[in-house]
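In: Next come a sequence and a model predicted from it.
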Amino acid sequence: MTSRRHRAPITAQDIALIGVFAALIAVLAFAPPIPVGNFGVPITLQTLGVALTGLVLGPWRGAAATGLYVALGLLGLPIFAGFVGGFGVLAGPSAGYLLAFPLTALVTGFIARAVLSRGPVRWRVPLLFLAAISGSMLVTHPLGILGMSINLEVGLREAFFFDIAFWPGDVVKSLVAAGAAALVHRAAPWILTRR
């Protein structure tokens, strides 16, 4: 006889947090994008919101919040950077980055939950930074490179060199997200682990 692991039902609080963080990513997307190079993918604050969502909500709710954001944008709401929305963005150079957001939040959330449960409180910000930058480098950048390669019709190597322009900004955004998430977890330590 196999034992089934009991999973807590989704609560109204979970739904509210998912909605709030999806809205937060949308608000951060409204910050003026910074153009980089001539390949059409600007530096935005969306990835800051994705990192913060995974760090604060954990894997499943973080993926749900970022998935909701991406779904609403694809359905036509102008909530992506540059006030655009609709399925047409999937033909653009930033498609891989956008589609990576839910998986990035999932990975970031898993790492954050693992490191926070084992690490001392004084290491909270560095551990959260490690979670945020890991999610970005393991998921966002590879899928972003793939998307640029396909939609710009360039080789993976060329797309990789386009992507390098985003690395310094991602380090800064991961630090900011880690600091903000550490404050949230200090005020509400229950938020990362669902009851």
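Out: Looks like it came in fine.

In: Quick check: residue 151 vs residue 36, distance?
Out: Counting by C-beta to C-beta, to the nearest Å, the gap from residue 151 to residue 36 is 16 Å. Quick note: C-beta positions are derived from backbone N, CA and C, even for glycine.

In: More neighbours: these two, which one.
Out: Higher neighbour count among residue 151 and residue 36: residue 151, with 19 against 15, using other C-beta atoms under 10 Å.

In: so is the closest residue to that one other than its chain neighbours in a helix, a strand, or just coil?
Out: Once flanking residues are discounted, residue 151 sits nearest to residue 93: 5.2 Å by C-beta to C-beta, 6 or more residues apart in numbering. Using DSSP: H, G, I helix; E, B strand; the rest coil, the structure places residue 93 in coil.

In: Show the pLDDT at residue 93.
Out: Residue 93 is assigned 93 on the pLDDT scale.

In: count of neighbours near it?
Out: By other C-beta under 10 Å, the residues close to residue 93 number 21.

In: Please settle this for me: is residue 32 part of a helix?
Out: No. Using three-state DSSP, the assignment for residue 32 is coil, not a helix.

In: Which secondary structure elements does the helix or strand hosting residue 108 sit against?
Out: Using DSSP states H and E, residue 108 falls within helix 95-118. Secondary-structure packing of helix 95-118 (3 or more C-beta pairs under 8 Å, 6 or more residues apart in numbering; DSSP states H and E): helix 46-57, helix 59-74, helix 124-135, helix 141-152.

In: 10 Å - rerun?
Out: Helix 95-118 sits against helix 12-29, helix 46-57, helix 59-74, helix 124-135, helix 141-152, helix 156-163, helix 167-187, with contacts defined as 3 or more C-beta pairs under 10 Å, 6 or more residues apart in numbering; DSSP states H and E.

In: ranking those by burial, who's on top?
Out: Of all the helices and strands packed on helix 95-118, helix 46-57 carries the top mean neighbour count, a mean of 30, counting by mean count of other C-beta atoms under 10 Å.

In: Mind giving me the packing neighbours of it?
Out: Under the contact criterion of 3+ C-beta pairs under 10 Å, 6+ apart, helix 46-57 touches helix 12-29, helix 59-74, helix 95-118, helix 124-135, helix 167-187.

In: What is the distance between it and the centre of its chain?
Out: 5 Å (C-alpha atoms, centre = their mean, to the nearest Å).

In: and the angle from it to helix 59-74?
Out: Angle, helix 46-57 to helix 59-74, by axes from the mean of the first three to the mean of the last three C-alpha atoms, to 10 degrees: 150 degrees.

In: check contacts around residue 90.
Out: 74, 96, 98-99, 147, 151 (C-beta atoms under 10 Å, 6 or more residues apart in numbering).

In: Identify whichever of the helices and strands packed on helix 46-57 lies nearest to residue 41.
Out: Set against residue 41 and scored by C-beta to C-beta, the helices and strands packed on helix 46-57 come closest in helix 95-118, at 6.9 Å.

In: buried ones in that closest one?
Out: When neighbours are counted by 16 or more other C-beta atoms under 10 Å, the buried residues of helix 95-118 are found to be 95-113, 115-116.
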